[in-house]
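A.B. asks: pasted the sequence and its predicted model underneath.
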Amino acid sequence: MTVQDNDFDAVVVGAGISGLYAVYKLRQRGMRVHGFESAEGVGGTWYHNRYPGARCDVESIDYSYSFDEELQQEWTWTERFATQDEILRYLEHVADRHDLRSAYDFLTRVTSATYDEETTRWSITTDTGQNVTARFCVLATGVLSATNKPDIPGRDTFGGATYHTGEWPHEPVDFAGKRVGVIGTGSSGIQSIPVIAEEAAEVFVFQRSPNYSIPAGNRPLTGEYIAEVKANYAERRRLSRMSGGGTPNSAYPKGALEVDAEERRRVYDEWWQRGGYLFAKAFPDQTISQAANDTAREYVEAKIREMVTDPDIADQLVPTDHPIGTKRIVTDNGYFKTFNRGNVTLVNLRRTPITEITEAGVLTTNSFYGLDMLVFATGFDAMTGSLSRIDIRGRAGRNLRDEWSAGPRTYLGLSVAGFPNMFILAGAGSPSVLANMVLMAEQHVDWISNCLDYLDEHNIETIEATDESVDEWVAECNEKAAGTLFPTADSWYMGANIPGKPRVFMPYIGGFGNYNTICAEVAAAGYKGFELGERRVDVDQ
Ligand code: FAD
Ligand code: NAP
């Protein structure tokens with residue numbers, strides 16, 4: 001890039017599902033767009049999370065872009081829940097199909113973004129020494145992209161190979177004959193452990209909190225099924241946009257306590273067969289009423305005990321610290337049965353915490369586990385981590401880290417008061433991870449694109465949430481969360497997995513469809529809740 005080329009209409013940070021679509025859509029508007037991506041290629045989550053067993057947990061036919069009807073008709077998913085490899089190939093295909101890579105500098109991390117009130121432009125700097133300016137700054141940095149490596153004493157002294165599921169190497173990892181330790185039993189741990197166990201000599205699962213996990217019911221997709229989906233894709237997408245979670249699925253029409261035991265059992269059996277995290281939504285009151293939740297919990301507990309042959313191990317695998325569904329239920333492929341294998345050992349860190357990682361393995365309060373490989377499946381500094389790792393300064397030097405020191409504060413998840421012409425995609429304050437994130441990203445980008453049309457039509461230079469609208473939206477998000485059981489769990493939704501992080505329920509839990517309606521109403525009312533700054537007229541001309 002030459003010096004004179006370094007001013008853009010928009011800069012997009014991130015080349016995952018959100019960033020790629022933002023580049024596409026803004027270019028469609030005729031804008032000069034530049035992207036930065038710290039990785040070597042496109043794909044975001046699906047570029048980084050290459051661990052064995054990685055798959056989506058939203059069905060592939062829904063977890064895919066809807067904006068390109070031809071693509072939707074041409075692309076054929078092979079399995080109900082696609083592997084990481086297949087999803088990455090899909091995103092690479094989308095990038096090539098729409099020439100999106102050409103917008104990006106790869107292997108380039110944005111380190112700061114500063115708003116200049118005089119010029120009304122953003123100045124963006126990178127770890128490669130670049131400095132570009134742009135009217136709009138679009139942050140598509142991901143909600144599950146800043147990895148969490150817990151500060152366990154001796155963490156960096158381990159002499160064997162060390163991995164984090166969210167930064168998995170590109171080369172195949174050979175577990176054959178190896179003693180492998182896996183720390184963490186969230187979705188990443190639970191997806192990878194059965195696959196690693198098939199290959200490794202021994203697997204030690206270091207579990208701090210057991211998690212609810214439901215077999216995926218994964219299967220190859222038949223030609224007949226695919227044809228039926230493709231014939232009705234438009235309607236499927238329409239229903240998804242109106243739904244609570246961005247897929248065409250809906251809950252049973254009655255509450256768990258409104259039906260008798262037999263009907264309840266029938267519904268749980270049906271949702272168990274459907275498989276995966278949707279079990280959290282079998283009945284509409286499951287994550288609202290503790291009594292309703294208990295019925296789901298008891299059902300799943302019994303299933304875990306059926307799958308695990310050793311009753312003591314089964315006891316330790318049954319979660320007791322949170323209502324079912326208030327942490328994302330894992331969608332697994334053979335997790336609990338893996339503990340019936342002779343080469344898998346459960347290490348219960350609640351009973352015997354890790355005291356130290358040494359050069360040769362992991363030491364707990366009562367044993368030493370010699371290891372050749374150590375896998376950190378310890379998750380992410382979710383929702384805010386990728387933003388707090390950038391020095392973002394708005395009007396009058398307002399610093400995003402300070403503004404969010406008590407938790408993220410946005411209007412509609414999209415905009416922050418004091419940070420004009422800056423948009424955040426699919427993050428805190430939006431349905432985000434509670435929805436199908438592909439449609440979530442499309443909704444955000446489409447809303448922004450329409451907003452920019454409005455700004456152009458009305459000769460408006462800047463748009464920025466007001467402090468009042470942020471206050472009101474944060475209150476609305478908190479109120480919605482307080483009406484559920486979610487705040488009772490020590491989840492990453494609450495920031496509870498990161499020491500010192502404020503405890504705030506970060507996504508908007510009022511439903512994807514409702515959220516879409518609210519965003520549309522805000523736009524229809526002339527961008528209610530935003531301050532619109534008119535274009536300056538130069539009096540000398
Ligand atoms: P990301 O895919 O996270 O992309 C953000 C990109 O920004 C990354 O490539 C990152 O390298 C880059 N970046 C960040 N900071 C900087 C910086 N400072 N400078 C330059 N580049 C930067 N959601 C679902 O709806 N369904 C699923 O089935 C599902 N499965 C998941 C499985 C895994 C293993 C994980 C971790 C998440 C999953 N999610 C799922 C959530 C998933 O993150 C989203 O679905 C989606 O991929 C997010 O896309 P994104 O573009 O918003 O963010
Ligand atoms: P996670 O859910 O946050 O799980 C992290 C695990 O590491 C937890 O078991 C946690 O225990 C443990 N841990 C953290 N710090 C620890 C420490 N110091 N000592 C011991 N254990 C520690 O992270 P994740 O599994 O990567 O999943 C994050 C999210 O990504 C998921 O909820 C999901 O939304 C998405 N995801 C989806 C899929 C999919 O199926 N498509 C797959 C992977 C990820 P505690 O619970 O006790 O904190």
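C.D. replies: Done, it's in. Ligands and ions are numbered 1, 2, ... in the order given.
A.B. asks: what about residue 74, how many neighbours?
C.D. replies: 11 (other C-beta atoms under 10 Å). (C-beta placed from N, C-alpha, C; glycine too.)
A.B. asks: whoops, residue 391 was the one
C.D. replies: For residue 391, the neighbour count with other C-beta under 10 Å is 14.
A.B. asks: can you check the one 5 residues further on too?
C.D. replies: When neighbours are defined as other C-beta under 10 Å, residue 396 has 8 of them.
A.B. asks: sec struct for it, please.
C.D. replies: helix (DSSP: H, G, I helix; E, B strand; the rest coil).
A.B. asks: for it, give me its contacts.
C.D. replies: By C-beta atoms under 8 Å, 6 or more residues apart in numbering, the contact set of residue 396 is 117, 418.
A.B. asks: and it, how far is that from residue 492?
C.D. replies: Per C-beta to C-beta, to the nearest Å, residue 396 is found 32 Å from residue 492.
A.B. asks: one more: residue 534?
C.D. replies: 41 Å.
A.B. asks: of these two, which one has the most company?
C.D. replies: More neighbours surround residue 492 than the other of residue 534 and residue 492, with 24 against 10 (other C-beta under 10 Å).
A.B. asks: thought that one was touching residue 382?
C.D. replies: Yes. Residue 492 is within contact range of residue 382, at 4.2 Å (criterion: C-beta atoms under 8 Å).
A.B. asks: quick one: the residue in the stretch 101-250 of the chain positioned nearest to ligand 1 and ligand 2, what's the gap?
C.D. replies: Closest to ligand 1 within the stretch 101-250 of the chain is residue 142: 2.1 Å, counting by C-beta to the nearest ligand atom. According to C-beta to the nearest ligand atom, to the nearest Å, residue 142 and ligand 2 sit 11 Å apart.
A.B. asks: any idea which residue of the stretch 251-400 of the chain lies closest to ligand 2?
C.D. replies: residue 379 (2.6 Å).
A.B. asks: low pLDDT regions in the stretch 51-200 of the chain?
C.D. replies: The stretch 51-200 of the chain contains no residues with pLDDT under 70.
A.B. asks: then the stretch 401-541 of the chain?
C.D. replies: Low-confidence segments of the stretch 401-541 of the chain (pLDDT under 70): 536-541.
A.B. asks: residue boundaries of the helices in it?
C.D. replies: Listed in chain order, the helices of the stretch 401-541 of the chain (DSSP state H, counting those that start in this stretch) span 437-457, 467-482, 512-524.
A.B. asks: what residues does the stretch 1-150 of the chain put near ligand 1?
C.D. replies: 13-19, 36-39, 44-45, 47, 49, 54, 56-58, 63, 109-110, 140-142, 144-145 (C-beta under 6 Å from any ligand atom).
A.B. asks: can you tell me which of those are in helices?
C.D. replies: Judged by DSSP state H, helices contain the following of those: 17, 18, 19, 45, 47.
A.B. asks: packing partners for the lengthiest strand in the chain?
C.D. replies: Assignment by DSSP state E gives strand 131-139 as the longest strand of the chain. Counting contacts by 3 or more C-beta pairs under 8 Å, 6 or more residues apart in numbering; DSSP states H and E, strand 131-139 packs against strand 7-13, helix 17-28, strand 110-116, strand 121-126, strand 422-424.
A.B. asks: quick check: phi and psi on residue 202?
C.D. replies: With angles defined as degrees, to the nearest 10, residue 202 sits at phi -140, psi 140.
A.B. asks: what is it paired to in the beta sheet?
C.D. replies: Counting by DSSP bridges, residue 202 forms beta bridges with residue 179.
A.B. asks: go ahead and confirm it touches residue 341.
C.D. replies: No. Here residue 202 lies out of contact with residue 341, judged by C-beta under 8 Å, at a distance of 9.9 Å.
A.B. asks: please say which of these two ends up with more neighbours.
C.D. replies: A count of neighbours by other C-beta under 10 Å puts residue 202 above the other of residue 202 and residue 341, at 19 against 13.
A.B. asks: residues of stretch 450-467 that come out buried?
C.D. replies: Residues of stretch 450-467 classed as buried: 451, 452, 455, 460, 462, 463, 464, 465, 466 (neighbour count, 16 or more other C-beta atoms under 10 Å).
A.B. asks: and if you look at stretch 429-448?
C.D. replies: Buried residues in stretch 429-448 (16+ other C-beta under 10 Å): 429-445, 447-448.
A.B. asks: farthest pair within the ones in helices among the residues of the stretch 1-150 of the chain next to ligand 1?
C.D. replies: 18 and 47 (13.3 Å; C-beta to C-beta).
A.B. asks: quick one: residue 377 from residue 151, how far?
C.D. replies: Applying C-beta to C-beta, the value for residue 377 to residue 151 is 16 Å.
A.B. asks: neighbour count: those two, which is higher?
C.D. replies: Taking other C-beta under 10 Å, residue 377 and residue 151 do not tie; residue 377 has more neighbours (23 against 8).
A.B. asks: list the contacts for that one?
C.D. replies: Residue 377 neighbours (C-beta under 8 Å, 6+ apart): 51, 164, 165, 182, 183, 184, 185, 186, 188, 189, 192.
A.B. asks: where does the stretch 251-400 of the chain have low pLDDT?
C.D. replies: For the stretch 251-400 of the chain, no stretch has pLDDT under 70.
A.B. asks: what does it put close to ligand 1?
C.D. replies: Counting by C-beta under 6 Å from any ligand atom, the stretch 251-400 of the chain sits next to ligand 1 at 386, 390.
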